[in-house]
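*Asks:* model the structure of this input:
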Amino acid sequence: MEVPVGGGKESTERSTRLSRQHIVRLSIAEQVAIYRTNEAMRPLCDSVWRRSHKRLDFRQLERELSGEPLSFFVNHMMDNYRSAYFIADRLQENLNVLERAGVRALINVHHCKLLLSSSESQRQNDDGDAQQVRVAAVLGGALMPQWPLHALPKILCNLRRLKVHCDVQVHFIQQFPQLEQLMLCGNVSQSALTGILERCKQLDHLFIKCPEPTFSLHGIINLSKLQDLSIPMSMFLDIHEKVLSLPELHYLELTKGGQNSEELTIECLGHMLQIRPNDIEIVRLNCSRFKGSDWMRELDLQRCGRLQGLVLNNCRFHERKICNMNMPYVANYLVLSGCPDLSDSQLVDMIKKCSHLSELYLIDCPLLNGQVLYEIYRIRHNLKLDYPLSIILDQCELIKTEYQKAADFYNCGPSVAVQVRVRVRVRVF
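*Replies:* Numbering: from 1, shown residues only. Okay, here's the model as predicted:
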């Protein structure tokens with residue numbers, strides 16, 4: 001490849017830009033070849049690599065490079081990596097690549113994921129595979145070799161965030177002294193988890209997404225800095241007093257209700273409302289687990305004296321009057337998503353109940369008519385508040401059409417009572 005030459009600053013900048021455009025269209029193997037044979041192009045290659053290769057991703061890297069060029073590239077970029085994605089069931093192969101590249105530690109990597117290859121994921125999903133049973137027996141209950149995991153704490157010496165998709169039977173996670181965030185998506189042995197709870201004192205984020213959790217979290221009281229926690233409801237019931245006594249707990253997500261999910265949900269929320277009602281600021285519920293419309297009355301969310309946000313997903317109201325459902329007062333924002341039978345009158349009653357909302361999300365509520373927008377406007381206008389209610393719409397076509405017809409009306413005057421924003425997609429979870 002020839003390096004363009006010319007006079008003047010503009011000419012040099014243009015030549016550099018053209019060279020960069022050419023470089024980025026090449027494969028990594030071709031870029032490495034140019035770097036090693038053309039000294040003048042090395043600064044440009046370095047610049048491109050620093051921007052585009054902040055993650056060491058073994059899913060992709062070994063498809064693009066192999067042999068000595070792979071070792072060269074990994075060694076050259078090791079201080080630039082900020083995150084690393086390993087293939088857990090091929091971890092020893094990944095570690096061999098690092099060893100051949102002369103990489104003893106990835107000192108700037110703060111984020112790591114241990115992923116499974118697609119073939120391994122398929123084997124884990126096939127419960128009837130006899131071969132899987134034989135492999136599990138040989139490996140002492142794990143579906144992959146566990147011993148390579150012991151090498152990771154030394155390589156990732158400054159790790160802060162770890163997401164694990166594989167099974168964990170050995171004590172290696174507890175060897176990350178600076179670990180702050182941990183997500184466990186595979187099955188974990190009680191011994192390994194106990195080590196985490198005893199040693200990982202810096203954890204402020206713990207998400208347990210195991211498919212079939214059978215362990216205990218009684219040692220969670222040791223995690224005094226824990227702020228965000230996600231655990232199955234059945235596990236929460238066993239340790240709810242310890243969880244709710246965590247001094248820094250800010251976010252609690254309860255998952256996987258099982259066959260009796262309605263009863264579990266009501267029981268779990270009942271414990272929270274009994275112990276810390278005034279600390280609950282946001283409630284997010286997947287209401288598909290509730291069979292009728294009495295659940296809100298049973299929960300008595302009105303006990304939440306400082307509720308800032310309420311998110312109801314997949315909720316059915318069964319033609320009930322909102323005043324008979326013990327709807328709580330919500331101070332800041334209300335999200336109604338996937339509510340197929342929500343009527344205009346029910347929504348208006350919610351706005352009357354939560355009259356000082358600043359944001360209202362309406363997502364996939366097909367029965368709402370465009371006329372409800374005027375009713376909301378009238379309520380807000382009469383309150384004479386000094387801020388508008390922002391309504392964010394998705395898949396509520398009648399309200400969208402009404403607003404487009406009368407946008408000038410809703411936006412006129414010295415103070416705007418209602419603002420409407422239409423989004424192609426709104427993500428609130």
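*Asks:* ok, the nearest residue to H53 once chain neighbours are set aside - contacts?
*Replies:* Spatial nearest neighbour of H53, chain neighbours left out: M77 (5.6 Å); criterion: Cβ to Cβ, 6 or more residues apart in numbering. For the C-beta atoms, the positions are set from N, CA and C on the backbone; glycine is no exception. Counting by Cβ atoms under 8 Å, 6 or more residues apart in numbering, M77 touches 49, 53, 56.
*Asks:* was I right about the second one contacting D79?
*Replies:* Read that as H53. No - the criterion here is Cβ atoms under 8 Å, and H53 misses it with D79 at 11.6 Å.
*Asks:* neighbour count: the two, which is higher?
*Replies:* H53 (18 against 11; other Cβ atoms under 10 Å).
*Asks:* return the residues in contact with the more buried one.
*Replies:* For H53, the contacting residues are 77, 80-81, by Cβ under 8 Å, 6+ apart.
*Asks:* host element of R36?
*Replies:* For R36, the element it lies in under DSSP states H and E is helix 28-37.
*Asks:* so what touches that helix?
*Replies:* 1, 23, 26, 41-42, 45, 48-49, 64-65, 69, 72-73.
*Asks:* identify, from the residues you listed, the entry nearest to G270.
*Replies:* Within the contacts of helix 28-37, proximity to G270 (Cβ to Cβ) peaks at E64, which comes in at 53.9 Å.
*Asks:* burial check on K163, number of neighbours?
*Replies:* Residues lying near K163 (other Cβ under 10 Å) number 17.
*Asks:* same check, this time on the one 5 residues further on
*Replies:* Other residues within reach of V168 by the criterion other Cβ under 10 Å amount to 23.
*Asks:* quick one, what contacts it?
*Replies:* Counted by Cβ under 8 Å, 6+ apart, V168 has contacts 146, 149, 184, 186-189, 192.
*Asks:* thinking again about what came up before, so how far is P69 from the residue nearest to H53?
*Replies:* Counting by Cβ to Cβ, to the nearest Å, the gap from M77 to P69 is 12 Å.
*Asks:* now, among the contacts of V168, which is nearest to F86?
*Replies:* Using Cβ to Cβ, the contacts of V168 come closest to F86 at L149, 9.7 Å.
*Asks:* ok, that closest one - contacts?
*Replies:* Going by Cβ under 8 Å, 6+ apart, L149 touches 91, 168, 170, 172.
*Asks:* next one: whichever strand or helix holds H22 to chain centre, how far?
*Replies:* In the assignment (DSSP H and E), H22 maps to helix 9-24. How far helix 9-24 lies from its chain's middle: 39 Å, per Cα atoms, centre = their mean, to the nearest Å.
*Asks:* output the contacting helices and strands for that helix.
*Replies:* helix 42-52 (3 or more Cβ pairs under 8 Å, 6 or more residues apart in numbering; DSSP states H and E).
*Asks:* run the last query once more with 10 Å
*Replies:* Counting contacts by 3 or more Cβ pairs under 10 Å, 6 or more residues apart in numbering; DSSP states H and E, helix 9-24 is packed against helix 28-37, helix 42-52.
*Asks:* K225 touches Q202, doesn't it?
*Replies:* Yes - K225 lies in contact with Q202 (Cβ atoms under 10 Å); the separation is 6.4 Å.
*Asks:* quick one, strands of the stretch 101-250 of the chain?
*Replies:* Counting by DSSP state E, counting those that start in this stretch, the stretch 101-250 of the chain has strands at residues 111-115, 161-164, 181-184, 205-208, 228-232.
*Asks:* neighbouring strands of the first one in the sheet, and parallel or not?
*Replies:* Taking DSSP bridges as the criterion, strand 111-115 pairs within the sheet with strand 83-87 (parallel), strand 161-164 (parallel).
*Asks:* tell me the mean pLDDT over the last one?
*Replies:* Confidence over strand 161-164, taken as the mean pLDDT, stands at 98.
*Asks:* next: the longest one.
*Replies:* The average pLDDT for strand 83-87 rounds to 97.
*Asks:* following it, which helix or strand comes up?
*Replies:* Next along from strand 83-87, by DSSP H and E: helix 91-100.
*Asks:* which helices and strands sit right next to that following helix?
*Replies:* Helices and strands touching helix 91-100, by 3+ Cβ pairs under 10 Å, 6+ apart, are strand 55-57, helix 58-64, helix 67-77, strand 83-87, helix 152-155.
*Asks:* how far does the fourth one sit from the chain's center?
*Replies:* On the basis of Cα atoms, centre = their mean, strand 83-87 is displaced by 18 Å from the centre of the chain it belongs to.
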